[in-house]
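J.: got a predicted structure plus its sequence, pasted below:
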Amino acid sequence: MIRVLVVDDDFMVARIHAGYVARIPGFQVVATAHNGADAVKAVAEHRPDLVLLDIYLPDMSGLDVLKSLNHVDVLMISAARDVPTVREAMRAGAVNYLIKPFTAAALAERLAQYADTRRQLTSMGAQVRQDDVDRLFGVAKHQTALPKGLSAATCALVAEALKNAESDLSAVEAAEATGLSRVSARRYLEHLCADGKAELRPRYGTAGRPEHRYRWIG
């Protein structure tokens, strides 16, 4: 469970936001706070993974609270929409910024993004590749155009087969999974490699040329 602290000066708004969070699978509200001092104390006491933090608090700015927190992620929630405030929140390390008023769906989307990033970080080893970092920071990959004779729908079919495979696939295995010919399957697999979605993994046997196998890397 991802533990969440909700901070808002309005008791009713804090309750509503906590209700939004509680309805999202995988998230648990551990506490609410209504001013900056109590927010800092609650972080120390409850050790949340994520703080939903308002900016306009009665005793101090939420931005100052953000700057004082260590070892916790913060999603800023505020009616403030001026560029300097948003920039300061980003510089201070906020993982996202949601402008009031917002819907439950908007918050759920941000929390889903946050949970996905946590899962990616957890699944990575001690070191990461540039592709891993790009995914974490939302850098879109350049998509190469489909070669003549290939269709986007069939390419998606091959990609899905590769993603769902328990291990890497050969062109023959991909053809069997999709109903394509071996030659067609290989062309789509090669395109996915060129597009950075898959990688070629030669498997060397006892003799002869290595078998070309393909693995989804996303």
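T.: Cool, the structure landed.
J.: alpha carbons only for contacts and neighbour counts from here, please
T.: Will do.
J.: which helix or strand in the chain has the lowest average pLDDT?
T.: Evaluated with mean pLDDT, DSSP states H and E, the helix-and-strand set of the chain has its lowest mean pLDDT in helix 130-136, which scores a mean of 72.
J.: so which bits of that one are buried?
T.: Applying a neighbour-count criterion of 16 or more other Cα atoms under 10 Å, one finds 131-132, 136 buried in helix 130-136.
J.: low-confidence stretches in this structure?
T.: Screening the chain residue by residue with the criterion pLDDT under 70, one finds the ranges 135, 138-144, 205-208.
J.: how far does the least confident helix or strand of the chain sit from its chain's centre?
T.: 11 Å (Cα atoms, centre = their mean, to the nearest Å).
J.: domain ranges for the protein?
T.: For the chain, the domain assignment from automatic domain parsing gives the residue ranges 2-123, 152-216.
J.: so how far does the shortest one reach from one end to the other?
T.: Pointing back at domain 152-216 there. The first and last residues of domain 152-216 sit 17 Å apart, counting by Cα to Cα, to the nearest Å.
J.: same question, stretch 53-62
T.: 6 Å.
J.: where do the helices of this structure begin and end?
T.: Listed from the start of the chain, the chain has helices (DSSP state H) covering 11-22, 36-46, 62-68, 83-91, 104-123, 130-136, 152-164, 171-178, 182-194.
J.: and those helices: which comes nearest I2?
T.: Between I2 and the helices of the chain, the tightest spacing by Cα to Cα is seen for helix 104-123, at 7.9 Å.
J.: what sits up against the closest one?
T.: Contact with helix 104-123 is made by 2, 20-21, 24, 95-96, 98, 136, as judged by Cα atoms under 8 Å, 6 or more residues apart in numbering.
J.: any quick ChimeraX command for the buried ones out of those residues?
T.: In ChimeraX, this line selects whichever of those come out buried by 16+ other Cα under 10 Å:
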select :2,20,21,96,98,136
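J.: could the contacts of helix 104-123 go into JSON lines alongside distance to Q113?
T.: As requested, the contacts of helix 104-123 are exported to JSON lines (distance: Cα to Cα, whole Å):
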{"residue": "I2", "distance to Q113": "13"}
{"residue": "Y20", "distance to Q113": "15"}
{"residue": "V21", "distance to Q113": "14"}
{"residue": "I24", "distance to Q113": "12"}
{"residue": "V95", "distance to Q113": "10"}
{"residue": "N96", "distance to Q113": "10"}
{"residue": "L98", "distance to Q113": "13"}
{"residue": "L136", "distance to Q113": "10"}
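J.: list the contacts for R186?
T.: By Cα under 8 Å, 6+ apart, the residues touching R186 are A171.
J.: and it, how far from A194?
T.: As judged by Cα to Cα, R186 and A194 stand 12 Å apart.
J.: about what we covered before: from the contacts of helix 104-123, which is closest to R201?
T.: Sorting these by how near they are to R201, with Cα to Cα, puts L136 at the top with 24.4 Å.
J.: which stretch among the helices of the chain comes nearest H212?
T.: Nearest to H212 among the helices of the chain is helix 171-178; the distance by Cα to Cα comes to 7.6 Å.
J.: could you give the angle of the closest one to helix 152-164?
T.: Using axes from the mean of the first three to the mean of the last three Cα atoms, to 10 degrees, the interaxial angle of helix 171-178 with respect to helix 152-164 works out to 110 degrees.
J.: the inter-axis angle of helix 171-178 versus helix 182-194?
T.: Going by the same axes, to 10 degrees, helix 171-178 is angled at 100 degrees with respect to helix 182-194.
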